[in-house]
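Peer 1: Sequence below, structure please.
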Amino acid sequence: MTPGDIHQPIDDERRQVCRMIDRLATDDDLCQRLAKSRGWKKETIKQLALEGYLGWHDSKLAFIYDAGVKLRWREKGERVIRWAFGKPWLWRGAYLTIPSRTKILLCEGESDVIALLDAGAEDDSARLCIAIPSASTFSDGWASLFDGKDVTLCFDGDHAGSAAADRVGNVLSSHARTVEMLDWEGIRRAC
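Peer 2: From the prediction side, this is the model:
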């Protein structure tokens, strides 16, 4: 299942995405403010904008998917997440088609991917960091994209993350070469 099977953007949506990307990619002050407030590296934010996966729209962070746009912001102290248009897919999922990307770090959310990128997880050119759109969203139709790949599930250690890791792990087990789950408890003990 490809992004085109999920959502075909109209011209206005394409133009909106271009403006979102341009707004973030060309505004160093905005990148710096985002980096400071989110604890991310400015360079990572800018690179993701240049890749077409991160943007800015009406004072909201735009996670640009190959099949739509998810906006995230705070309102009255509460985190708000809404799809501007399109449908959920895999964030940065198009990179799965690159044959040399065989070591996949599959995260529960985009912020986790950004943290991994900041830490240099993709310094190994075989490694790819991507995210599912939420703990409750993974289509069985996406599993074939992981054929022959080594997948590490980097989901949160909470109940929703554990349930998602079990479900996604089961779906991927018949497609991926290997499927492992990140052991958060083991990492905590080691620190």
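Peer 1: Backbone dihedrals for Y53, both of them.
Peer 2: phi -110, psi 0 (degrees, to the nearest 10).
Peer 1: tell me the contacts of it?
Peer 2: Applying CB atoms under 8 Å, 6 or more residues apart in numbering, we find Y53 in contact with F63, I64, Y65, W91, R92. C-betas here are computed from N, CA, C, even on glycine.
Peer 1: Could you dump these into TSV and include distance to E43?
Peer 2: Formatted as TSV, the contacts of Y53 follow (distance: CB to CB, whole Å):
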residue	distance to E43
F63	18
I64	18
Y65	22
W91	19
R92	17
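Peer 1: Out of the residues you listed, name the ones that lie in helices.
Peer 2: Among these, DSSP state H puts none in helices.
Peer 1: which among these gets closest to L117?
Peer 2: Ranked by distance to L117 (CB to CB), the contacts of Y53 are led by R92 at 9.5 Å.
Peer 1: State the pLDDT value of the closest one.
Peer 2: The predicted structure scores R92 at 97 on the pLDDT scale.
Peer 1: likewise P3?
Peer 2: So, for P3, pLDDT stands at 56.
Peer 1: same deal with the one 5 residues further on?
Peer 2: Looking at Q8, its pLDDT is 73.
Peer 1: re the thing from before, from the contacts of Y53, list the buried ones, please.
Peer 2: F63, I64, Y65, W91, R92 (16 or more other CB atoms under 10 Å).
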